[in-house]
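what follows is a predicted structure for the sequence shown.
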Amino acid sequence: MNVSIGSKKVVIIGGGPSAKHAAEQLAKKANSNLEVTVIQANRFVEWPLAMTVCLVKPELHNKAIATNCNKFQVPGVKYIYGVVESVDGQTKQVKLRQAVADAVCESVPYDALIVATGFKVPLVYPGLGVTIEERTAEVQKVGEAIKKGACIVVAGGGPIGLELVGDIRGEYPAKKVVLMCRGDVLGQWPEKQRKKVEARLQHMNIEVKKGATDAPKDYCLESGVIKFGNGDLEYDVFLPAFSQGPNTQFLPGEVLDANGCVEVNEYLQSTKMNDIFAIGVSNVKEITVFPKLEAQWTCVTANVIAMLANRPLKQHKEGATWMKLPPMVLIGHGPKGYGFLDFNNVPPPIKCCCCWGLGGFPCCPPCWPCCACGGCGCCPCGVCCGQPEGKGPATFAGVMAFKSSGFHFKGMGEAPSQQVM
């Protein structure tokens with residue numbers, strides 16, 4: 001149902017799925033008097049779920065990007081490609097550091113501001129404001145350095161670090177691969193799951209070094225040394241693969257907490273400036289996965305419209321309340337990787353259908369033909385009547401790392417066009 005709210009301006013900062021879907025919902029729910037503008041740092045879209053694969057195999061990078069703006073933009077929504085420098089909450093202006101030639105402006109006014117900028121993870125996400133040519137060259141340079149290096153060190157004991165070391169090991173079985181982390185691998189996971197993952201890392205000859213306290217935040221493609229406890233860790237390539245906080249440094253300091261997250265109320269609305277809303281970068285204690293983000297962008301867009309129409313706001317309800325951790329952990333993608341499915345974090349119907357994690361037989365009729373494979377492990381759920389892990393989940397994830405982009409953006413995988421920022 002369209003809502004009449006008069007002539008108002010809504011600005012969305014971000015270039016990922018949350019920003020895109022928020023723009024879609026605003027364009028759909030509000031009437032033509034609502035002007036929606038997306039400020040996006042890069043004039044292309046890159047799919048982060050595939051990037052640990054692309055960094056190791058740069059020839060696949062084209063499959064993970066979209067450069068035709070007409071394909072990924074939301075119809076009826078204005079786009080400005082530039083890097084946000086600051087937000088003036090008093091005058092309600094978004095100030096830009098740079099903008100493309102066809103949208104030259106120094107600032108953009110707003111009546112409501114939605115921040116959906118995601119988190120900083122070097123290499124997994126492109127730098128703000130880079131061109132597609134610059135990003136492609138960077139990915140190729142990293143891939144070449146990994147290929148030539150004898151010892152590759154990856155910093156980060158979370159899901160991103162695990163995927164990256166697994167992808168490197170799958171492509172280069174003879175290299176020395178080290179996973180460096182502050183504490184335990186997957187520190188937020190139950191001990192039983194952590195131990196299984198660490199055992200698989202050892203089986204894959206991926207060395208784990210714990211206790212890192214001052215890992216560099218920037219990647220290095222030349223030989224170097226990291227001081228580690230009482231010794232030195234020498235490397236040929238160093239790749240940080242951990243979140244370095246939300247991309248919110250442009251916001252007024254009073255709206256952020258100590259971690260750089262937007263402090264929000266139950267409406268996902270800033271507690272300090274009620275015309276600012278946040279998706280995925282607030283202090284709400286939820287993991288950053290699509291079922292959670294979808295509930296957030298649905299709540300935010302509804303509340304933005306309600307605020308502009310002087311109507312009561314609705315409290316945010318967490319999406320997929322049964323999911324407290326990502327349901328899949330990967331050590332690499334494809335048949336040379338290894339995946340772990342956690343059926344405690346999937347919808348109850350799927351739990352039942354897959355025999356509570358034992359591969360689906362006999363509860364799920366679609367799984368019956370899989371029994372003919374004799375337990376080869378090709379099923380996305382693992383081996384029938386066995387633990388939900390193995391090369392099957394990793395193979396499935398290797399395909400979906402690229403295909404999943406089509407659920408959110410059109411034009412992914414097409415030949416990139418030349419651009420100038």
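That came through, no problem.

apart from its chain neighbours, what residue comes closest to residue 171?
The shortest distance from residue 171 to any residue other than its chain neighbours is 5.1 Å, reached at residue 56 (CB to CB, 6 or more residues apart in numbering). All C-beta spots, glycine's among them, are computed from the backbone N, C-alpha and C.

any figure for the gap between the one you found and residue 255?
Look at residue 56 and residue 255: by CB to CB, to the nearest Å, they are 38 Å apart.

one more: residue 41?
Note on residue 41: its distance to residue 255, by CB to CB, is 20 Å.

those two: which is more packed in?
residue 41 (23 against 20; other CB atoms under 10 Å).

for the residue lying closest to that one once chain neighbours are set aside, give its distance to residue 72.
Nearest residue to residue 41, sequence neighbours excluded (CB to CB, 6+ apart): residue 128, at 4.2 Å. Applying CB to CB, the value for residue 128 to residue 72 is 18 Å.

repeat for residue 205
Per CB to CB, residue 205 is found 40 Å from residue 72.

now the nearest residue to residue 327 once chain neighbours are set aside: phi and psi?
Of all residues not flanking residue 327 in the chain, residue 345 sits nearest, at 4.3 Å (CB to CB, 6+ apart). Backbone geometry at residue 345, expressed as degrees, to the nearest 10, gives phi -120, psi 30.

low-confidence ranges in the stretch 151-300 of the chain?
Across the stretch 151-300 of the chain, nothing is flagged by pLDDT under 70.

show me where it has its helices.
159-171, 191-203, 290-308 (DSSP state H, counting those that start in this stretch).

with mean neighbour count and distance to residue 407 added, can I get these in a markdown table?
Compiled in a markdown table, the helices of the stretch 151-300 of the chain are given as follows (neighbours: other CB atoms under 10 Å; distance: least, CB to CB, whole Å):
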| stretch | mean neighbour count | distance to residue 407 |
| --- | --- | --- |
| helix 159-171 | 25 | 19 |
| helix 191-203 | 15 | 27 |
| helix 290-308 | 21 | 9 |
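
sec struct for residue 141, please.
The three-state assignment at residue 141 reads helix, by DSSP: H, G, I helix; E, B strand; the rest coil.

look up how far residue 135 lies from it.
Separation of residue 141 from residue 135 (CB to CB) stands at 11 Å.

give me the neighbour count for the nearest residue to residue 27 once chain neighbours are set aside.
Residue nearest to residue 27 in three dimensions, not counting chain neighbours: residue 76, with 4.9 Å by CB to CB, 6+ apart. Residue 76 sits with 14 neighbouring residues when counted by other CB under 10 Å.

neighbours around the residue nearest to residue 327, how many?
A count of nearby residues for residue 345, using other CB under 10 Å, gives 17.

kindly report the same for residue 146.
When neighbours are counted by other CB under 10 Å, residue 146 registers 24.

quick one: contacts for it?
Shown in contact with residue 146 (CB atoms under 8 Å, 6 or more residues apart in numbering): 55-56, 152, 168, 172, 237.

closest to residue 314 out of the residues you listed?
The nearest member of those to residue 314, counting by CB to CB, is residue 55 at 40.9 Å.

pretty sure that closest one contacts residue 122?
No. Counting by CB atoms under 8 Å, residue 55 stays clear of residue 122, with 10.6 Å between them.

so the two - more neighbours on which side?
Counted by other CB under 10 Å, residue 55 and residue 122 do not tie: residue 55 has more neighbours, with 25 against 16.

and the longest strand for this structure?
Longest strand of the chain, by residue count under DSSP state E: strand 78-88.

okay, now the domains of this protein?
Per automatic domain parsing, the domain ranges recorded for the chain read 8-125+245-320, 150-240, 328-403.

correct me if wrong: residue 257 contacts residue 264.
No. At 9.8 Å, residue 257 and residue 264 do not qualify as touching, with contact defined as CB under 8 Å.

now the common contact residues for those two.
Residues touching both residue 257 and residue 264 (CB under 8 Å, 6+ apart) are residue 283.

tell me which of those two has more neighbours.
The neighbour comparison of residue 257 against residue 264 (other CB under 10 Å) goes to residue 264, with 23 against 13.

quick one: residues contacting the residue nearest to that one when sequence neighbours are not counted.
Setting aside the residues directly before and after it, residue 264 is nearest to residue 282 in space (CB to CB, 6+ apart), at 4.4 Å. Neighbouring residues of residue 282 by CB under 8 Å, 6+ apart: 261-264, 268, 296.

picking up where we left off before, columns distance to residue 411 on top of the domains of the chain, output as a markdown table?
Listed next are the domains of the chain as a markdown table, based on distance: least, CB to CB, whole Å:
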| stretch | distance to residue 411 |
| --- | --- |
| domain 8-125+245-320 | 3 |
| domain 150-240 | 25 |
| domain 328-403 | 13 |
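
tell me which of those domains approaches residue 412 most closely.
Set against residue 412 and scored by CB to CB, the domains of the chain come closest in domain 8-125+245-320, at 4.7 Å.

can you give the distance from the closest one to the centre of its chain?
Computed by CA atoms, centre = their mean, to the nearest Å, the chain-centroid distance of domain 8-125+245-320 equals 13 Å.

and the end-to-end length of that domain?
Using CA to CA, to the nearest Å, the end-to-end distance of domain 8-125+245-320 comes out at 32 Å.

where do the strands sit along the stretch 51-200 of the chain?
Ranges of strands within the stretch 51-200 of the chain are 65-66, 78-88, 93-99, 107-109, 112-115, 151-155, 176-181, based on DSSP state E, counting those that start in this stretch.

I'm done for today, thanks for sticking with me.
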